[in-house]
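**Student:** I would like to see how this sequence folds:
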Amino acid sequence: MIQFPVNLNLRERNAVIVGGGAVAARKCLLLMEAGARVTVIAPRLDPRLEELWREGRIICHARQYGEGDLADAFLAFAATDNPAVNLHVARDAAALGILVDITGAPEHGSFTTPAHFRRGDLLVAVSTGGKNPALAQSICNDLAQRFGPEYAETVAILGAVREKLLTVRSNRTYNKAVLRTLADADLPGLIRRGEYETIDRLLVTHAGPGFTLASLGTRTEDPA
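**Tutor:** Next up, the predicted model:
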């Protein structure tokens, strides 16, 4: 099954999770991190879900899944240990045109959730199309060792440069060339070694006067 890679903007969108176990809890935390409004439907809840419910951070219906539960959903997750219930959710989602992830039976859903890790705004995802999530997680863990926290700072710097270039220069071809040059520079290595003065020189050389870490707001303290 060939799948299309996509990043979804879930901020303030409704997500429904059918199931209340450990898998449902993991999905819930990921959805909350993305800014979604989460509703969980399950007769029993994982302790993490119970705590979020008590804190008023998610909506919970402590019962079995029923007709109409997906009515306002942007996307849904079927994460129960009952294949028949999961298939019921899949059919309802398909009828309503709602994206759905089916735990244990990806062929019945419209998307799968890849293994992933974050470094600030950098998101690295690995998927086997539902064939072997354990392998995807193993590869993801290996990559996470390679891409450390310096990549979060790198992305923040490049993002700030891009925003300032859009403000001060309208030459899209020039801007792309500058961003490509900086992306090809070893900014993560320089950050890891604390060579912020070198980064400032790179920024001024390639982006122009006024492009420094301090002026971009990505570093306010004295690098020395």
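
**Student:** going forward, measure contacts between C-alpha atoms and count neighbours the same way
**Tutor:** Noted.

**Student:** any weak-confidence spans in the protein?
**Tutor:** Scanning the chain for pLDDT under 70 picks out 1, 220-224.

**Student:** The residue lying closest to residue 175 once chain neighbours are set aside: helix or strand, and which one exactly?
**Tutor:** What sits nearest to residue 175 in space, not counting adjacent residues and going by CA to CA, 6 or more residues apart in numbering, is residue 165, at 6.4 Å. Per DSSP states H and E: residue 165 is located in helix 150-168.

**Student:** which of the residues in whichever helix or strand residue 175 is part of are buried?
**Tutor:** Element membership of residue 175 [criterion: DSSP H and E] is helix 172-184. Neighbour counts over helix 172-184 (16 or more other CA atoms under 10 Å) mark 175, 178, 179, 182 as buried.

**Student:** Which single one of the residues you listed is nearest to residue 80?
**Tutor:** residue 179 (45.6 Å; CA to CA).

**Student:** ok, now which ones touch the closest one?
**Tutor:** 158, 161, 162 (CA atoms under 8 Å, 6 or more residues apart in numbering).

**Student:** export the helix holding residue 175 as PDB, just CAs?
**Tutor:** Only the C-alpha atoms of helix 172-184 are listed here, as PDB (Å, rounded to 0.1, in the frame of the first residue of the first chain):
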ATOM      1  CA  ARG A 172      12.500  35.100  -4.500                       C
ATOM      2  CA  THR A 173      15.400  33.600  -6.500                       C
ATOM      3  CA  TYR A 174      18.000  35.400  -4.400                       C
ATOM      4  CA  ASN A 175      16.200  34.400  -1.200                       C
ATOM      5  CA  LYS A 176      16.100  30.800  -2.200                       C
ATOM      6  CA  ALA A 177      19.800  30.900  -3.000                       C
ATOM      7  CA  VAL A 178      20.600  32.400   0.400                       C
ATOM      8  CA  LEU A 179      18.500  29.800   2.300                       C
ATOM      9  CA  ARG A 180      20.000  27.000   0.300                       C
ATOM     10  CA  THR A 181      23.600  28.100   1.100                       C
ATOM     11  CA  LEU A 182      22.800  28.400   4.800                       C
ATOM     12  CA  ALA A 183      21.000  25.100   4.800                       C
ATOM     13  CA  ASP A 184      24.100  23.500   3.300                       C
END
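
**Student:** That helix vs helix 150-168, what angle?
**Tutor:** Orientation check (axes from the mean of the first three to the mean of the last three CA atoms, to 10 degrees): helix 172-184 against helix 150-168 gives 160 degrees.

**Student:** Would you map the strands across the protein?
**Tutor:** 14-18, 37-41, 59-61, 75-78, 99-102, 115-119, 122-126 (DSSP state E).

**Student:** just how off-centre is the helix holding residue 165 within its chain?
**Tutor:** 19 Å (CA atoms, centre = their mean, to the nearest Å).

**Student:** now do stretch 200-220
**Tutor:** For stretch 200-220 - counting by CA atoms, centre = their mean - the centre lies 28 Å from the chain centre.

**Student:** I would like the residues contacting it, please.
**Tutor:** So stretch 200-220 is contacted by 153, 156, 157, 160, 161, 164, 165, 178, 181, 182, 199, 221 (CA under 8 Å, 6+ apart).

**Student:** give me that answer again for 6 Å
**Tutor:** residue 160 (CA atoms under 6 Å, 6 or more residues apart in numbering).
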